[in-house]
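Engineer: Coordinates for the following, if possible.
(chains A and B)
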Amino acid sequence: MAGAKKAAALSPAVRKLAALPILVMIATKRDDGSVQLNPVWFELKDGFVWLNSNTKRAWPKNLQRDRELTMLLVDPKVPDRYAQIRGRLVSLIPDPKAEFIDRLSHRYTGKKFRELEPGEHRVTFKIQPVTVTGQMI
Amino acid sequence: MAVELSPKMQAFTQEVFPAIIGTNRKDGSVEIVPVWFEQKDGIFWINGGTNRGWFKHLERDPRITLLLIDPKEMFRWAQIEGRMVNWTEDPGGEHINQLSHRYLKKDYQGPRTGRIKIQIEPLRVTGAIDGRR
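Structural biologist: Next up is the predicted model:
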């Protein structure tokens, strides 16, 4: 993306959708340039999108390499209402005590996250929304 | 080379929800949008217009990734890496009307002219349906 990367303000409709315990679809690029899509847990807070993963999966590696991604939120009741959000990675925060993944787990399941596996390292991604497009604008 | 879909994937792709497609923009970023799809004989079909952003991306780079996800149980999902192998006109909107019946159980209400159908060959399947991440 060329030019200044200013933060995009999310509309009330998008914020309302993001408050639901739905998954966000994230698109990252593999190193061969092909597109990888994954549904993941997220939270929208303080104008940023927050994601969490273990460090072994492919999408966090892709995201750390490119520092940008595209996200899609779809209204579960009306599938052609959606918001596409392009974002950039502003920081990577280790989550050694699994505090943030516990928080996400409570949002989605009402329970604490499972015990971490031996050697499992969790990391939190702070994403700044850059542009928003789609049927919900 | 195209891959064959497993029986589980065959069944999953008959369920009715949009596919989320990812294509490559010229600037290297990814566009993702939900679209209607159908799977027949191992081939995925979507419908659009030549003016759609994602179609322009496919003409430049035929690689396309489809995410299929059950909106009611979102842990049921599959990712299909594929490529556009062909596209043809959709005269009279016959194909979009067929998709409309799949999704809405009625005739397509939008304009039926200027539409195209896009043929996508699956190259790799991952995700929870086949149990391969």
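Engineer: got any ranges where chain A has weak pLDDT?
Structural biologist: Where chain A drops to pLDDT under 70, the residues are A:1-6, A:136-137.
Engineer: give me that answer again for 80
Structural biologist: Applying pLDDT under 80 to chain A flags residues A:1-7, A:79-80, A:135-137.
Engineer: What are the boundaries of the helices in it?
Structural biologist: Here chain A has its helices, by DSSP state H, at A:12-19, A:58-66, A:99-109.
Engineer: Please identify the most buried of the ones you listed.
Structural biologist: Neighbour counts (mean count of other Cβ atoms under 10 Å in any protein chain shown) averaged over each of the helices of chain A peak at helix A:58-66, with a mean of 18. Where you see a C-beta, it was placed from the backbone N, CA and C, and this is true even at glycine.
Engineer: what packs against that helix?
Structural biologist: Under the contact definition 3 or more Cβ pairs under 8 Å, 6 or more residues apart in numbering or on different chains; DSSP states H and E, helix A:58-66 sits against strand A:24-29, strand A:35-40, strand A:48-54, strand A:82-94, strand A:122-133.
Engineer: Give me every residue in chain A lying close to chain B.
Structural biologist: Applying the criterion Cβ under 8 Å from any Cβ of the partner chain, the portion of chain A that neighbours chain B consists of A:1-2, A:22-23, A:25, A:27-29, A:33-39, A:57, A:66, A:68-72, A:74, A:76, A:79-80, A:82, A:84, A:86, A:134.
Engineer: C-alpha coordinates for stretch B:62-77, CSV please?
Structural biologist: C-alpha atoms of stretch B:62-77 as CSV (Å, rounded to 0.1, in the frame of the first residue of the first chain):
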residue,chain,number,x,y,z
PRO,B,62,-5.5,-16.8,-11.6
ARG,B,63,-4.8,-18.0,-8.1
ILE,B,64,-7.8,-17.9,-5.8
THR,B,65,-8.4,-19.1,-2.3
LEU,B,66,-11.9,-20.0,-1.1
LEU,B,67,-12.9,-20.2,2.5
LEU,B,68,-16.1,-22.2,3.2
ILE,B,69,-17.4,-21.8,6.6
ASP,B,70,-20.7,-22.7,8.3
PRO,B,71,-22.0,-19.4,9.7
LYS,B,72,-23.8,-21.3,12.4
GLU,B,73,-20.9,-23.4,13.5
MET,B,74,-17.8,-21.6,12.6
PHE,B,75,-15.4,-24.3,13.6
ARG,B,76,-16.7,-26.2,10.5
TRP,B,77,-14.6,-24.7,7.8
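Engineer: what's next to that stretch, contact-wise?
Structural biologist: Here stretch B:62-77 makes contact (Cβ atoms under 8 Å, 6 or more residues apart in numbering or on different chains) with A:22-23, A:25, A:27, A:33-39, A:74, A:76, A:79, B:12-13, B:15, B:17, B:19-24, B:37, B:44, B:58, B:78-85, B:120, B:127-129.
Engineer: Now, the residues you listed that are in strands?
Structural biologist: Among the contacts of stretch B:62-77, the members falling in strands are A:25, A:27, A:35-39, A:74, B:19-24, B:37, B:44, B:78-85, B:120, B:127 (criterion: DSSP state E).
Engineer: residues touching residue 78, list them.
Structural biologist: I'll assume chain A. For residue A:78, no residue meets the contact criterion (Cβ under 8 Å, 6+ apart).
Engineer: that answer is for a different chain, and I need it for chain B
Structural biologist: Applying Cβ under 8 Å, 6+ apart to residue B:78 gives the contacts B:9, B:12, B:67, B:68, B:69, B:125, B:126, B:127, B:128, B:129, B:130.
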